[in-house]
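**Student:** Show me the folded form of this:
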Amino acid sequence: MVEVALITLLFIAFFTLVAKRTMTYLHVLQQEDYSNPRLRKWMFTNKVYDRRLTLLLIIFTVIWIYSPAVVGIPHFIYAALSFVAAALSVYLEKDPRKSVKKKLVATDRAKRLFFPAVIVMLIFSSWVWGVSRDAAMSPWPWILLCR
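**Tutor:** The predicted model follows:
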């Protein structure tokens, strides 16, 4: 029961992070006049990926792989640590509707881009939640989702 609650909290935290990050990318896309090549160029130039959360999840994964043989830490501890890391990332993620000079404007076009993107990410992230309890308790599948 504790595992299911932790997995659900972890899913909610990562989904919230994905939604906030999607707003950031949408804001940049809006700044670039909805030009996809310019957005890709910005993403590759600025090396857009989450360094902190990815590094923490990689550390958790390495410990998760070697802990049963060495330390014997229960797997739900890693889900709890991953949740704390994801919740902290959500808290630290800037909101482009509030914390920037030129704010994200929720135009019809922006809404048409945002909602399908979030739904697609919901579908992709729900596979971790629904696959198995062991897979969702480990930190490694969440690394793919925070990219």
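
**Student:** Correct me if wrong: Tyr25 contacts Leu39.
**Tutor:** Yes. Counting by Cβ atoms under 8 Å, Tyr25 touches Leu39, with 7.2 Å between them. Quick note: C-beta positions are derived from backbone N, CA and C, even for glycine.

**Student:** mind listing what's buried in the lengthiest helix in the chain?
**Tutor:** Across the chain, the longest stretch assigned as helix under DSSP state H is helix 2-31. Buried residues in helix 2-31, defined by neighbour count with 16 or more other Cβ atoms under 10 Å: 6-7, 9-11, 13-31.

**Student:** before we move on, what about stretch 48-56?
**Tutor:** In terms of neighbour count (16+ other Cβ under 10 Å), stretch 48-56 has its buried residues at Asp50, Leu53, Thr54, Leu56.

**Student:** so which helix or strand takes in the third one?
**Tutor:** Spelled out, that is Thr54. According to DSSP states H and E, Thr54 maps onto helix 51-70.

**Student:** Packing partners of whichever helix or strand comes after that helix?
**Tutor:** As assigned by DSSP H and E, the chain's next helix or strand after helix 51-70 is helix 75-92. Counting contacts by 3 or more Cβ pairs under 8 Å, 6 or more residues apart in numbering; DSSP states H and E, helix 75-92 is packed against helix 2-31, helix 51-70, helix 133-137.

**Student:** Next, the angle helix 2-31 makes with the one helix or strand Ile123 maps to.
**Tutor:** Per DSSP H and E, Ile123 falls inside helix 108-131. Helix 108-131 and helix 2-31 meet at an angle of 160 degrees, taking axes from the mean of the first three to the mean of the last three Cα atoms, to 10 degrees as the criterion.

**Student:** rewinding a little: name the next helix or strand downstream of the longest helix of the chain, please.
**Tutor:** Toward the C-terminus from helix 2-31 - assigned by DSSP H and E - lies helix 36-45.

**Student:** give me the low-pLDDT residue ranges for this protein?
**Tutor:** By pLDDT under 70, the weakly predicted segments of the chain are 67-73, 128-147.

**Student:** Done for today, thanks.
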